[in-house]
Structure formats: structure tokens, C-alpha cells
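>>> Dropping the sequence and predicted coords here.
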Amino acid sequence: MTLSYDIHGDGPTVVLLHSSVCDRRMWDPQVPVLTEAGYRVVRFDFRGFGETPVADRPYSDAGDVCDLLDRLKCERYALIGSSHGGEVALEVAATRTDAVASLVLLCAGMPGHVPGLELRAFIERENALLAADDVAGAVQLNLATWMGPEAKPEARQLVRVMQRHALETQRAARFASAGVPVDLARITAPCLAVSGAHDLADFREIAVGLPGQIPGARHLELPWAGHVPSLERPDEVTGLLIDFLSTTFPAQ
């Protein structure tokens, strides 16, 4: 299957991996700034999101990332992952240590993470709404759970559109991405793990714990942020990304 993707700019490659609440459109605020800074930006939709259809056979999102980057002849790159995209970035960084030069995780999931009370409650509520054919209710639940208090109406509307499309598309899915166990201690790329003070405890705890598992990683909490900070305060988060990349994977 060919993933739907786009490429912008020239220079060192930066790969943007979207949250499972969104699709690749979540990176619209970041793409022009990263390209202006001298990077080649690659972003795509995971299977069942955006313009990529659901899978017709077993697969893994991390495998899809590696296959696409191989096809694009990307030998060295930075990974920026949001939520599920961060979990996928960790899998890729732990298995392709020579290729991943820099790693930014925004409220990331983690391979093998066992959901805590808050996340389990959300999953159960979402499943119940979808079982009752209440897609609109499930979308609203996602907005209320994941968007921080500073998200502007246009950001909320974009997430509403992306999430509804994903939920409706994935109702026909027969397969889900299969992650693989990874050793995070193998990651050699400089890593910044970002958390939001208004996010669920699961994701805050993952971010806090990553420096103890990835050599040299550091944690940064954003006191204003929910689960999708790149859409909540896009200018601030884009500046943070540029600053980190400028020292770990410079464009010049």
C-alpha cells in the first residue's frame, strides 16, 4: 500500500508523524517555518487517516515509516512525533539508530505502555460511543480529552474534522498496526520529550520517564499545554522545534 504523503523544501530531512487524533494536516503550521529554516519536510498519513485508506493486510506503522523513507532514499533524518506518532518515532529510532539524527516527542505514547486509569476510562467511553453508533459523541469526547485550554476555535475545528474522518474511515478496518518490543536504551539520537501539564497522566508520566531510558534525553513540560501542543500554541512549539533542531540537526 502507498501512503499518502507530501514533501516540502530542500535540505536535511525532517519527518513529521501525526497523532492518532489527527492526520498530517496537524502539521500545517510547522511545515512552512521548517522549510524556510532550510529543511526538507516529509509528512504522511498513517493507514486509516487522512488520505491513506485502511490496511488490507497485517502491518506496522513503524514499518510503513521505514519503507517510505527507504523509497524516498532518506538516509539520515530527524523525527518529530506527536502522541501515537511519538510512539512510532521511538520504534524507528530504536531500530534505525544510525539513521535517526534527532528526536522530538510531543506528548508521546510509548511501545508496550499499559494504559492507566484515565486512559482506560477514555478508551472505554470512546468504545461505548462508537458501539452505539454515536460518532459525533466520540469526536466530542476526543476534543474534550485532548485539546488544552488554550486551543483556539480554528484548531478545535480542524481536530474535529480530522478525528471524525479517522473514526468513520477506521470502522471498516480489519487490521490494526502491530508494534514490536524495542529497547529504548539503543536510541542514540538527541531526544527532547515534551509533556503538557493539562494532558492525561499516562502521557505526562511517559515523558518524565524517558530520560531514564534514553541516554542523554531531556524532558520539558509545557505548563499551558494539553495533548496536542503543536496546534494549541503553534508558534511557540514551532520555535521550540527549530531551536532543538538547530543544535542537534542543523540545516546549514
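Okay, I see it. Residues are numbered from 1 along each chain as shown.
>>> so what's Asp56 scoring on pLDDT?
We have a pLDDT of 89 for Asp56.
>>> pretty sure it is in a strand, no?
No - inclusion of Asp56 in a strand is not indicated when DSSP: H, G, I helix; E, B strand; the rest coil is applied; the result is coil.
>>> how many neighbours does it have?
Number of residues near Asp56 (other CB atoms under 10 Å) recorded here: 11. Yep, even glycine has a C-beta here, placed from its N, CA and C like the rest.
>>> any idea how far it lies from Arg47?
Computed as CB to CB, to the nearest Å, the Asp56 to Arg47 distance reads 9 Å.
>>> Residues contacting stretch 48-58, please?
Stretch 48-58 is contacted from outside by 1, 3-4, 18, 20, 22-25, 44-47, 162, 165-166, 169-170, 172-175, 178, using CB atoms under 8 Å, 6 or more residues apart in numbering.
>>> which of these count as buried?
Among the contacts of stretch 48-58, the ones that count as buried by 16 or more other CB atoms under 10 Å are 3-4, 18, 20, 22-25, 44-47, 162, 165-166, 169.
>>> From those, which shows the smallest pLDDT?
When the buried ones among the contacts of stretch 48-58 are compared, Leu3 shows the smallest pLDDT, 91.
>>> Could you measure from it over to Asn142?
23 Å.
>>> now Ala166
From Ala166 to Asn142 the distance is 9 Å (CB to CB).
>>> How about Thr13?
In terms of CB to CB, Thr13 sits 31 Å off from Asn142.
>>> same check, this time on Gly38
35 Å.
>>> Pick out whichever of the two has more residues nearby.
Taking neighbours as other CB under 10 Å, Gly38 and Asn142 compare with Asn142 leading, 24 against 15.
>>> In space, what's closest to that one - neighbours in sequence excluded?
Gln163 (5.1 Å; CB to CB, 6 or more residues apart in numbering).
>>> Check what pLDDT the one you found gets.
For Gln163, the predicted pLDDT is 97.
>>> who's in contact with it?
By CB under 8 Å, 6+ apart, the residues touching Gln163 are Val21, Cys22, Val139, Asn142, Leu143.
>>> Show only the entries of those residues found in helices.
Val139, Asn142, Leu143 (DSSP state H).
>>> ok, these vs Glu154, which is closest?
Leu143 (13.0 Å; CB to CB).
>>> count of neighbours near that closest one?
So Leu143, with other CB under 10 Å, has 16 neighbours.
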